[in-house]
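Asker: following is a predicted model, sequence given first.
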Number of protein chains: 2
Amino acid sequence: MLKNQTIPKATVKRLPLYYRYLRILFDSGKQKVSSKELSEAVKVDSATIRRDFSYFGELGKRGYGYDVEKLLDFFAKTLNDDRLTNVALVGVGNLGNALLKYHFHQSNSIRISAAFDVREDIVGKIVDGIPVYPISDMEEQIRIQQIDIAILTVPADKGQENAEKLVAAGIKGIMNFTPARLTVSSDILVQNVDLTNELQTLIYFLNHYKKEQTGE
Amino acid sequence: MLKNQTIPKATVKRLPLYYRYLRILFDSGKQKVSSKELSEAVKVDSATIRRDFSYFGELGKRGYGYDVEKLLDFFAKTLNDDRLTNVALVGVGNLGNALLKYHFHQSNSIRISAAFDVREDIVGKIVDGIPVYPISDMEEQIRIQQIDIAILTVPADKGQENAEKLVAAGIKGIMNFTPARLTVSSDILVQNVDLTNELQTLIYFLNHYKKEQTGE
DNA sequence: CTGTGTGAAGGAGTTCACAGCG
DNA sequence: CGCTGTGAACTCCTTCACACAG
């Protein structure tokens, strides 16, 4: 299988899963791992795992498995986890606050380095080590800190306007917790995380499918 | 297309999207809508929308479009949103707290009706109208309140054990915010919501795909 | 004439099953 | 001999394009 080919989306979504479990294995001192072992831990079929890995070249050794450290290093580079990624957060409400305290960098190099809000009682404060700026400082801070990803946790009816401000400020990717479906230029990546949606879907499956797996 | 067939997963995941937008249309007094209009609002191809709807029978009128109220009612029933669904929450930490205050029932009938935690300083309190019980009360409360869905927001290393307690208490579906991949019997539905995962995926796409859409 | 519903084609992802490398 | 890497089959989903109902 050729390297440098574009990796299927479905594969990319599983990479962080593999990466996390490899770190656990590494920390526990394990040196090798087979696709079968990995499969049981991350609940992904072992053939799918081998296929996923194969897109990146021949990462394993036949009859042996995969070298844990080598694979961990490889994924760290692939996922850009060997360098710091600063992220902005817009909307320090209930959810925004929780995310400020959510340590994405458990052993990852992702961190929220700036938050923005309109509320006067919170602007200027430092929440959990992260400064909260007024929206008017967005463009400046995003430029200075070279941020290109933002988490959007504003009320639904403020979603679109804040997305536009973010794009104007130079953001390239938005993790959108708003139920609004954002309209942005096609070179901006939007990852929707819609909690109500997720719950309603789960309820539907529960009532109609019974005994089956939902997947992601 | 036959009714009563099983609806594709991909379709089910979009139903809440349609449902939400139909309510907006209804509230604004609109009476009919075409798949094209819907398509622009929810960012789903219009052919996909028509296909999705067709699984449920002939919901529209040719040359006219869809009747907003009729469709809204239909989806309310389909998504069980015409009756109350109680949900439990386990782990009242940062994220758990935010979810207690997150109004799933903006105009939905989903509500968190019981929370559970181990921390003595919070057990017995009422957070945002929701009582926080000790874990030992889990089985009783879940039975009494006939809850069959739980949101799991405990630390990663407590995920599996709490999932097992939930299953023992009779839960049928778990929305898992823990990075742990739960091992549960196959009749239990697990919906994983992995925020770090989501962010890392977004970062990967940003660095490798450029100018493209991520989808969900 | 308009916009749905759908057959047919196309594309994406998963899984089987096994050749073959270490 | 064991486990990877992968051709081939398969399943699932999306999109095209158009017959046809209102």
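Answerer: Cool, the structure landed.
Asker: so what does A:Val193 have for phi and psi?
Answerer: The phi/psi pair for A:Val193 (degrees, to the nearest 10) reads phi -120, psi 100.
Asker: cool, and the one 3 residues further on?
Answerer: Main-chain torsions, A:Thr196, degrees, to the nearest 10: phi -60, psi -50.
Asker: neighbours around the residue in chain A positioned nearest to chain B, how many?
Answerer: Closest contact between chain A and chain B, by Cβ to the nearest Cβ, is at A:Ala98 (3.7 Å). Placement of C-beta: from N, CA and C, glycine included. Residues near A:Ala98, counting by other Cβ atoms under 10 Å in any protein chain shown, number 21.
Asker: what sits against A:Val44?
Answerer: For A:Val44, the contacting residues are A:14, A:17, A:38, by Cβ atoms under 8 Å, 6 or more residues apart in numbering or on different chains.
Asker: briefly note if stretch A:128-136 comes near chain B.
Answerer: No. Stretch A:128-136 does not reach chain B (Cβ under 8 Å from any Cβ of the partner chain); its nearest approach is 9.2 Å.
Asker: which stretches in chain A count as strands?
Answerer: Secondary structure of chain A (DSSP state E): strands located at A:32-33, A:66-67, A:85-90, A:110-117, A:126-127, A:130-134, A:149-152, A:173-176, A:189-192.
Asker: deepest-packed of those strands, please.
Answerer: Mean neighbour count (mean count of other Cβ atoms under 10 Å in any protein chain shown) peaks for strand A:149-152 among those, with a mean of 26.
Asker: packing partners of it?
Answerer: strand A:85-90, helix A:159-168, strand A:173-176, helix B:195-208 (3 or more Cβ pairs under 8 Å, 6 or more residues apart in numbering or on different chains; DSSP states H and E).
Asker: could you redo the last one with a cut-off of 10 Å?
Answerer: Packing partners of strand A:149-152 (3 or more Cβ pairs under 10 Å, 6 or more residues apart in numbering or on different chains; DSSP states H and E): strand A:85-90, helix A:94-101, strand A:110-117, helix A:138-144, helix A:159-168, strand A:173-176, strand A:189-192, helix B:195-208.
Asker: now for the ones you listed, which one comes closest to B:Leu25?
Answerer: Across the helices and strands packed on strand A:149-152, B:Leu25 has its closest neighbour in helix A:159-168 (16.9 Å, Cβ to Cβ).
Asker: that closest one near chain B at all?
Answerer: No. Applying Cβ under 10 Å from any Cβ of the partner chain, one finds helix A:159-168 separated from chain B by no less than 11.6 Å.
Asker: any idea how far A:Ala41 is from the residue with the largest distance to the centre of chain A?
Answerer: Distance to the chain centre peaks in chain A at A:Gly63, reaching 33.6 Å (criterion: Cα atoms, centre = their mean). Distance, A:Gly63 to A:Ala41, using Cβ to Cβ, to the nearest Å: 21 Å.
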